[in-house]
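*Asks:* What would the 3D arrangement of this be:
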Amino acid sequence: MLANYHTHTSRCHHAAGEDREYVEAAIRGDMKILGFSDHFPWKMKKGYVSSSRMELSLLDDYVDSIQSLKKEYLNDIKIYLGFESEYLPEYTEQQEQLLKDYPIDYMILGQHFLNPEPYGTYTGFPTEDKDLFLEYIDSAIEGMETGLYRYLAHPDLIHYTGDTAFYDKHMLRLCQYLKEKNIPVEINLSGVYENRHYTSKHFLKLAKQAGNSVILGVDAHSPERLEMTGVQEQCYQMARDAGLEIVTVLEGLE
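*Replies:* From the prediction side, this is the model:
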């Protein structure tokens, strides 16, 4: 891989390793671009502290660390500072204010929750709920419409197990929207490596039907994932088998 824009840090409570270890692993893996995109640190209602994202108290440390690594490894690899974030309309103002205060290079959208924690249900759990599935599709489109996000991470994260025709109709609608906006869909290496339900070959058939391009995202929660060339090649082959154009770098983040 030339570039990876989907990288987490230990601050999110479900990743391991030091920031520097991710950079050095990416270099060993012959990457030229590494984007850090840890889970966005929402300030939750009633003082709730999430177990799946960094606390706001760690934000300055995150920014300072990545900015420092940018300078230190300037001659070895291009490093970008970003976030993976849900689109939560009631928190939009909070998010916009935070982004104004920090030198964020990019954002990617990951709809793990459709409502703020702890009230929202993780979208990766199996469900036959058509309304929940539609809410996922519509919120992903609405989120991308804000213009804040460079691409949609693991688009088929929503684990809808109901009627296939219903799934195809609305997932295709999402893919067609992304095609119209020239936004690539992600093949998620962690999902493939761990044999999760995403990224599925069925989803890639819908992406082909819509004419999407794809980008690989490691979704790294440990440094060694950035060196796993075997799963990288597996995902490239999935894209080739589906007849999909592969985007290697994001415009403006070369």
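
*Asks:* which residues of the stretch 101-250 of the chain fall in strands?
*Replies:* Ranges of strands in the stretch 101-250 of the chain, per DSSP state E, counting those that start in this stretch, are 106-109, 185-188, 213-217, 245-246.

*Asks:* by contact count, what packs against the second one?
*Replies:* Counting contacts by 3 or more Cβ pairs under 8 Å, 6 or more residues apart in numbering; DSSP states H and E, strand 185-188 is packed against strand 213-217, helix 229-242. The way it works is simple: take the backbone N, C-alpha and C, and place the C-beta from them, glycine included.

*Asks:* Average pLDDT for the last one, rounded please.
*Replies:* The predicted model gives helix 229-242 an average pLDDT of 98.

*Asks:* Give the buried residues for that helix.
*Replies:* Neighbour counts over helix 229-242 (16 or more other Cβ atoms under 10 Å) mark Val231, Gln232, Cys235, Met238, Ala239, Ala242 as buried.

*Asks:* now stretch 194-213
*Replies:* For stretch 194-213, burial by neighbour count (16+ other Cβ under 10 Å) applies to 196-199, 203-208, 210, 212-213.

*Asks:* could the helices and strands packed on strand 185-188 be laid out in TSV, adding distance to Ser50?
*Replies:* TSV is the format used below for those (distance: least, Cβ to Cβ, whole Å):
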stretch	distance to Ser50
strand 213-217	21
helix 229-242	28
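
*Asks:* For Tyr62, find the nearest of these.
*Replies:* Distance to Tyr62, taken as Cβ to Cβ, is lowest for strand 213-217 among the helices and strands packed on strand 185-188, at 19.1 Å.

*Asks:* what's that closest one in contact with?
*Replies:* 1, 4-6, 108, 151, 153-154, 184-189, 204, 207, 232, 235-236, 239, 244-248, 250 (Cβ atoms under 8 Å, 6 or more residues apart in numbering).

*Asks:* Could you pick out the buried ones from those?
*Replies:* If you count burial by 16+ other Cβ under 10 Å, the buried members of the contacts of strand 213-217 come out as 1, 4-6, 108, 151, 153-154, 184-189, 204, 207, 232, 235, 239, 244, 247, 250.

*Asks:* what does stretch 233-245 rub up against?
*Replies:* Counting by Cβ under 8 Å, 6+ apart, 187, 189, 192, 199, 201, 204-205, 207-208, 212-214, 216, 246 sit against stretch 233-245.

*Asks:* at 10 Å what do you get?
*Replies:* Identification of contacts with stretch 233-245 by Cβ atoms under 10 Å, 6 or more residues apart in numbering yields 1, 184-189, 191-193, 199-201, 203-209, 211-218, 228, 246-247.

*Asks:* picking up where we left off before, can I get the buried residues of helix 229-242 in CSV including distance to Tyr80?
*Replies:* Formatted as CSV, the buried residues of helix 229-242 follow (distance: Cβ to Cβ, whole Å):
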residue, distance to Tyr80
Val231, 22
Gln232, 19
Cys235, 21
Met238, 25
Ala239, 23
Ala242, 28
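
*Asks:* nearest to Gln67, of the residues you listed?
*Replies:* Looking across those and measuring by Cβ to Cβ, the closest to Gln67 is Gln232, at 27.5 Å.

*Asks:* which ones are touching the closest one?
*Replies:* Residues near Gln232 by Cβ under 10 Å, 6+ apart: Met1, Asn4, Gly29, Met31, Ile187, Leu189, Val192, Tyr193, Leu216, Val218, Arg225, Leu226.

*Asks:* From those, which land in helices?
*Replies:* If you go by DSSP state H, those have Leu189, Val192, Tyr193 in helices.

*Asks:* So which of those is the closest to Asp163?
*Replies:* Nearest to Asp163 among the ones in helices among the contacts of Gln232, counting by Cβ to Cβ, is Val192 at 25.1 Å.
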